[in-house]
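Student: Need the 3D shape of this:
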Amino acid sequence: MYIRNVLISGLAAASTAQAYSNYTIREEDWTVPAPAPVQEKRTLAKIFGIFDGIFGGGGKEPAQECPAVWTQISSTLTQQFLGDGQCTDAARAAIRSSFHDCFNGACDGSLILANECSNNENRGMERLCGNLANVASQTKVGVADLIQFAAAHAVKTCPGGPTIPVKVGRKDSSEANALGVLPSGHANAKDLVGLFAQKGFSPYDLAALIGAHTAAKQRFTDPSKAGSALDSTVGTWDNKYYSETMRGRAPFTLPSDKSLAQNPLTAGPFIAFAASKGMWDSAFVSAMVKMSMLGVENKGDLIDCTSALPGGSKKRDVRSRNLFDRLKW
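Tutor: Next up, the predicted model:
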């Protein structure tokens with residue numbers, strides 16, 4: 001899935017394929033500038049927060065603010081994930097990495113920390129893994145968090161991409177996860193539905209996650225056609241993947257994707273998502289959030305860093321859609 005070709009590339013979430021073309025990025029391009037001093041602003045919210053603390057109103061502890069370093073990281077990622085107004089191969093790899101770090105065990109950074117990127121099933125992400133490792137080393141952020149943040153950032157960077165809420169504070173692990181869990185581009189729909197069900201995903205979730213292939217390219221399922229896109233608008237985030245896959249009009253279709261488009265449990269969502277990008281975006285975001293929390297034990301301690309993603313908000317995303325999509329028909 002493209003989260004395998006993809007957060008995972010494509011997340012995929014879902015990674016029924018190995019979907020990336022090579023991209024050339026200098027190591028210095030991934031250098032994160034030091035955070036600029038933050039000038040505290042006195043807002044009404046803070047004033048009322050002070051009174052709340054004095055008079056004991058509510059009794060709730062204030063939510064922790066997202067560390068400023070994530071905004072600096074976001075600026076660096078934007079430079080790598082957006083080129084000529086479209087999402088790049090680096091962005092595709094970032095989306096895919098989310099799925100590959102999480103699905104075979106836990107979202108724990110082992111994709112990089114345990115060098116899982118060198119495994120055959122993770123081919124095509126080696127350069128991204130090295131670059132993200134450098135960013136994590138420079139900024140002292142968690143590797144597991146960085147992988148998920150980069151995936152959400154990449155989706156949002158693609159023109160038309162939705163905002164995926166992202167949190168930080170996961171525990172990193174250098175213990176490798178199991179091999180042979182990630183599906184291939186030749187898997188059949190029945191096996192995929194069963195595999196995803198074991199991880200808590202419905203066929204509807206699976207169909208939504210596989211839509212990340214809208215921004216994916218394949219390299220290894222058919223080496224003779226390496227670099228082929230999985231829909232005709234690979235640089236943007238739209239729902240053409242669904243209609244083109246069902247009608248056999250995509251530049252390239254993975255056997256696994258064709259099988260999902262025809263399976264009774266996933267064919268319905270394919271049709272629905274082809275008709276409404278708004279419906280697909282909503283389903284995809286929900287499934288990706290679930291994906292990003294696989295195996296995470298300290299969910300209650302995580303800090304919301306959605307605000308550090310590129311511009312836009314959920315409300316703005318909704319307003320930008322046509323009425324058909326706003327109603328999620």
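Student: Report whether the expected contact of residue 163 with residue 156 is present.
Tutor: Yes. Residue 163 sits in contact with residue 156 when judged by C-beta atoms under 8 Å, with a separation of 5.8 Å. The C-beta positions use only the backbone N, C-alpha and C, and glycine is treated the same way.
Student: Please enumerate the helices of the stretch 1-150 of the chain.
Tutor: 44-55, 69-81, 89-102, 110-113, 126-139, 143-157 (DSSP state H, counting those that start in this stretch).
Student: For residue 218, find the nearest of those helices.
Tutor: Judged by C-beta to C-beta, the one of the helices of the stretch 1-150 of the chain that comes nearest to residue 218 is helix 89-102, at 10.6 Å.
Student: thinking again about what came up before, tell me which of the helices of the stretch 1-150 of the chain is the most buried.
Tutor: Per residue and on average, the most neighbours among the helices of the stretch 1-150 of the chain fall to helix 89-102, with a mean of 34 (mean count of other C-beta atoms under 10 Å).
Student: That one - contacts with which helices or strands?
Tutor: helix 69-81, helix 110-113, helix 126-139, helix 143-157, helix 277-291 (3 or more C-beta pairs under 8 Å, 6 or more residues apart in numbering; DSSP states H and E).
Student: Using JSON lines, lay out the helices of the stretch 1-150 of the chain together with mean pLDDT.
Tutor: Rendered in JSON lines, the data for these read as follows (pLDDT from 0 to 100):
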{"stretch": "helix 44-55", "mean pLDDT": "48"}
{"stretch": "helix 69-81", "mean pLDDT": "96"}
{"stretch": "helix 89-102", "mean pLDDT": "97"}
{"stretch": "helix 110-113", "mean pLDDT": "98"}
{"stretch": "helix 126-139", "mean pLDDT": "97"}
{"stretch": "helix 143-157", "mean pLDDT": "98"}
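Student: so which of those comes closest to residue 238?
Tutor: Among the helices of the stretch 1-150 of the chain, the nearest to residue 238 by C-beta to C-beta is helix 143-157 (12.5 Å).
Student: which regions of this structure lie under the pLDDT threshold?
Tutor: 1-31, 33-62, 312-329 (pLDDT under 70).
Student: Let's see that with 90 instead.
Tutor: Segments of the chain classed as low confidence (criterion: pLDDT under 90) are 1-63, 311-329.
Student: what would the helices and strands packed on helix 89-102 look like in CSV with distance to residue 202?
Tutor: What follows is those, written out as CSV (distance: least, C-beta to C-beta, whole Å):
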stretch, distance to residue 202
helix 69-81, 29
helix 110-113, 25
helix 126-139, 29
helix 143-157, 21
helix 277-291, 9
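Student: May I have the phi/psi pair for residue 104?
Tutor: Taking degrees, to the nearest 10, you get phi -90, psi 10 for the backbone angles of residue 104.
Student: Repeat that for residue 199.
Tutor: Torsion angles at residue 199 (phi, psi; degrees, to the nearest 10) stand at phi -100, psi 0.
Student: got it, and residue 115?
Tutor: phi 60, psi 40.
Student: Quick check: closest non-adjacent residue to it.
Tutor: Spatially, and ignoring its direct neighbours in sequence, residue 115 is nearest to residue 176 (7.7 Å; C-beta to C-beta, 6 or more residues apart in numbering).
Student: Can you verify my assumption that that neighbour contacts residue 118?
Tutor: No. Because the distance of 10.2 Å does not satisfy C-beta under 8 Å, residue 176 is recorded as not touching residue 118.
Student: between these two, which one's more packed in?
Tutor: Relative neighbour count places residue 176 above the other of residue 176 and residue 118, with 15 against 11, counting by other C-beta atoms under 10 Å.
Student: Would you enumerate the residues in contact with residue 205?
Tutor: 196, 283, 286, 287, 290 (C-beta atoms under 8 Å, 6 or more residues apart in numbering).
Student: Most neighbours among the residues you listed, please name it.
Tutor: residue 287 (28 neighbours).
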